[in-house]
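> Pasting the sequence and the predicted coordinates here, then a few questions.
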Amino acid sequence: MERIDKWNHRYQNTISWPQPCQVLVNYTHLLPATGTALDLACGLGANARLLAQHGLETFAWDYAKAAILQLQSEAQSQQLHLHTEIRDVVAFPPQPATFDVIVICHFLARGLAPALIAALKPKGLLFYQTFTRTTVTPDGPHNPEFRLADGELLQLFQALKPVIYHEEKDIGDITQGLRNEVFLIAQKD
Ligand SMILES: C[S@@+](CC[C@H](N)C(=O)[O-])C[C@H]1O[C@@H](n2cnc3c(N)ncnc32)[C@H](O)[C@@H]1O
């Protein structure tokens, strides 16, 4: 089965709505009051809904039609305005200087990093949270290609200025904190 078919199958059988990712929940106060935002590879769009509720003109893109259809219907029922699009973001990345905020959660396509940096407007913010190769439990993707090496997120986006970087690895009491994942908020000049 193609990956896209797997995602569509998963969303057709989804019964619970995900929560927005921790990087966005913990740092909502860093969002601008106005502007454009993109939830890239949005899935069911928990992050897109938070961004739109915050007042940003929000775009939500994913190649899984089943996810986008559910998100559209949920947004309509909440009278929330979202620009949803069924879109392969690797084949069709965002255009340069189009977004004030880009959020990516649990999606990794390393080759997209230059296009994402270019897609931010001046002073634009990237919010990125995804899985790491250093783990304390077996949650998350099995394929190491979809997990970041130690410090890799900072390296991928070194052209941006880091604002917040959070990577706990397996240090200290591993029953506490955010483990198996890393997050970065970084700003364009
Ligand atoms: C683990 S889910 C994360 C969804 C969402 N960001 C969240 O945190 O709930 C990964 C998402 O990436 C999407 N995806 C994978 N490859 C993609 C591509 N090339 N273009 C667009 N979406 C893609 C999948 O359809 C899926 O919705």
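Right, received. Where do you want to start? Predicted, not measured: the structure shown is a model, and the values here were computed from it.
> Just give the closest residue to F131, not the sequence neighbours.
Setting aside the residues directly before and after it, F131 is nearest to G140 in space (CB to CB, 6 or more residues apart in numbering), at 4.0 Å. The way it works is simple: take the backbone N, C-alpha and C, and place the C-beta from them, glycine included.
> interface residues of the chain facing the ligand?
Counting by CB under 6 Å from any ligand atom, the positions of the chain adjacent to the ligand are 7, 18, 21, 41-43, 46, 62-64, 67, 88-90, 105-107.
> and with 5 Å instead?
On the criterion CB under 5 Å from any ligand atom, the ligand has as its neighbours in the chain the residues 7, 18, 41, 43, 62-64, 88-90, 105-107.
> Could you list which residues are in contact with Q19?
Contacts for Q19 were tallied using CB atoms under 8 Å, 6 or more residues apart in numbering; they are V25, A46.
> From G43, how far out is it?
Remark: distance between Q19 and G43 (CB to CB, to the nearest Å) = 12 Å.
> one step back: count of neighbours near the residue nearest to F131?
Other residues within reach of G140 by the criterion other CB atoms under 10 Å amount to 16.
> Show the backbone phi and psi for it.
Torsion angles at G140 (phi, psi; degrees, to the nearest 10) stand at phi 90, psi -180.
> Grab the longest strand from this protein for me.
Secondary structure of the chain per DSSP state E: the longest strand is strand 120-131.
> how about the nearest residue to the closest residue to the ligand within the chain, chain neighbours excluded?
Proximity to the ligand, evaluated over the chain using CB to the nearest ligand atom, is greatest for G43 at 2.7 Å. In this structure, G43 finds its nearest non-sequential neighbour in A67, 5.1 Å apart by CB to CB, 6+ apart.
> now L156
A113 (4.5 Å).
> Look at the one you found and report its pLDDT.
On pLDDT, A113 comes in at 98.
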